[in-house]
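Participant: Quick check, what structure comes out for this input:
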Amino acid sequence: MHMPFNLSNFEFYSPWFLLLFLAFIPLFILDVRKKRRTGIKVPTTKNMQENKGILLVLFLLKISKYLLLTCLIIAMARPRSFTISQNQDDSKGIDIMLSVDVSLSMLAKDLEPDRLTALKNIAKRFVDKRPGDRIGLVTYSGEAFTKVPVTSDHAVVIDELEQLNPLELQPGTAIGEGLSVAVSHLKNSKAKSKIIILMTDGVNTIENAMPTQVGAQLAKTNGIKVYSIGIGTNGYALMPTSTDIFGDLVFSEAEVKIDEPILLEIAQTTGGKYFRATSNESLEKVYDEINQLEKSELKTTKLYNYEEYFRIFLWIALGVLLFDALFRWVFYKFLS
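Facilitator: Numbering: from 1, shown residues only. Prediction:
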């Protein structure tokens with residue numbers, strides 16, 4: 001793979017070979033002295049003409065000698081460029097699936113500015129705090145959808161969280177569907193720990209959906225812990241209950257109903273924990289506690305990828321050698 005050249009990632013593997021360039025000094029001195037001594041004494045040079053062709057050949061042969069030595073010295077010093085990448089042992093990290101309820105009631109105003117926006121902001125900060133883990137995203141209302149499979153590319157997860165659109169939310173909640181789809185992404189994972197953070201603000205309202213007990217047993221069988229979070233204040237909250245003639249949502253006071261027994265059962269079955277978040281602050285604390293409960297022991301190794309350039313200089317040296325042989329054994333003899 002070709003790597004872009006950059007002086008900041010360029011080096012010589014054996015830089016001490018560059019000291020051989022110091023040998024050019026006595027070599028150059030010898031060439032100068034040899035030039036002064038060359039020739040024979042004659043009474044006069046009046047009728048002798050200088051052979052310019054031979055002088056050019058001799059000059060090119062001298063240049064080729066220095067060029068050949070330069071290429072060989074640089075090749076021995078092994079110039080190369082490098083890039084640094086990180087390799088992490090995924091079996092030491094944690095695989096996390098965020099399963100987010102996106103039913104219409106998530107627009108309720110008991111969290112600021114609403115439940116969904118508060119959840120998105122806090123979930124994004126949670127993702128940022130887990131640099132060594134793989135994270136995925138599932139959303140569910142009447143049915144469940146995979147937004148992002150577990151990945152180390154957290155930017156994709158954050159982008160999908162950001163794009164959860166309240167205008168696309170549908171009524172109904174199928175907690176079992178959201179749980180089982182998240183389980184399907186983690187069951188074959190080789191991570192040391194696998195967890196699902198299951199978030200909802202309501203109760204199961206979809207008939208013929210996957211039962212929550214089945215989803216919990218699937219998680220338990222595959223060694224997946226579920227941290228369930230019930231989102232919503234105690235009592236009443238402004239919720240979208242209808243639309244006006246223009247299609248805009250109409251909010252009115254409605255009782256907050258969260259199926260806490262079901263969420264508690266899911267957490268206990270899988271060895272996780274149930275949390276209740278009644279405000280932005282308490283939801284933030286829930287994520288902080290999960291962050292503390294699930295610690296990664298990820299080992300990251302730096303990988304150096306090298307691209308060597310010594311072959312280029314060896315090819316140049318070979319070309320110069322052929323050039324030298326051509327001029328020395330053909331042109332020089334022809335002009336002599």
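Participant: so Ile229 is in which element?
Facilitator: Under the criterion of DSSP states H and E, Ile229 resides in strand 224-231.
Participant: again, but for Ile63
Facilitator: Using DSSP H and E, Ile63 falls within helix 52-77.
Participant: Could you check how far Tyr287 is from Val127?
Facilitator: Counting by C-beta to C-beta, to the nearest Å, the gap between Tyr287 and Val127 amounts to 10 Å. Backbone N, C-alpha and C define where each C-beta goes, glycine included.
Participant: Please enumerate residues in contact with the strand holding Ile229?
Facilitator: Residues from elsewhere that reach strand 224-231 (C-beta atoms under 8 Å, 6 or more residues apart in numbering): 101, 106, 111, 115, 119, 179, 183, 186-187, 193-201, 216, 219, 258-260, 263-264, 266-267, 269-277, 283, 286, 290, 293.
Participant: again with stretch 58-76
Facilitator: Applying C-beta under 8 Å, 6+ apart, the set of residues contacting stretch 58-76 is 14, 17-18, 20-21, 23-24, 27, 31, 310-311, 313-314, 316-317, 320-321, 323-324, 327-328, 332.
Participant: Please list all residues in contact with Gly223.
Facilitator: Contact partners of Gly223, counting by C-beta under 8 Å, 6+ apart, are Lys194.
Participant: separation between it and Ala209?
Facilitator: On the measure of C-beta to C-beta, Gly223 and Ala209 end up 24 Å apart.
Participant: Can you tell me the closest non-neighbouring residue to Leu293?
Facilitator: Counting by C-beta to C-beta, 6 or more residues apart in numbering, Leu293 lies nearest to Lys273, which is 7.4 Å off, once chain neighbours are set aside.
Participant: got it, and Val320?
Facilitator: Leu68 (4.6 Å).
Participant: what about that neighbour, distance to Ile25?
Facilitator: As defined by C-beta to C-beta, Leu68 lies at a distance of 17 Å from Ile25.
Participant: What is the neighbour count of the residue nearest to Val320?
Facilitator: Applying the criterion other C-beta atoms under 10 Å, we find 18 residues in the vicinity of Leu68.
Participant: Out of the contacts of strand 224-231, which sit inside helices?
Facilitator: Filtering these for membership in helices, criterion DSSP state H, returns 115, 119, 179, 183, 186, 216, 219, 260, 263-264, 266-267, 269-270, 283, 286, 290, 293.
Participant: Buried subset of those, written for PyMOL?
Facilitator: A single PyMOL command suffices to select whichever of the ones in helices among the contacts of strand 224-231 are buried according to 16 or more other C-beta atoms under 10 Å:
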select buried, resi 115+119+179+183+186+216+219+263+266+267+269+270+283+286+290
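Participant: pLDDT wise, what is the residue nearest to Asn222 when sequence neighbours are not counted at?
Facilitator: The shortest distance from Asn222 to any residue that is not its chain neighbour, by C-beta to C-beta, 6+ apart, is 4.2 Å, and that residue is Lys187. For Lys187, the model assigns a pLDDT of 91.
Participant: Look up phi and psi at Lys187.
Facilitator: For Lys187, the backbone dihedrals (degrees, to the nearest 10) come out as phi -60, psi -30.
Participant: quick one: low-confidence parts of the stretch 1-150 of the chain?
Facilitator: Counting by pLDDT under 70, the stretch 1-150 of the chain contains low-confidence residues at 1-6, 35-53, 86-92.
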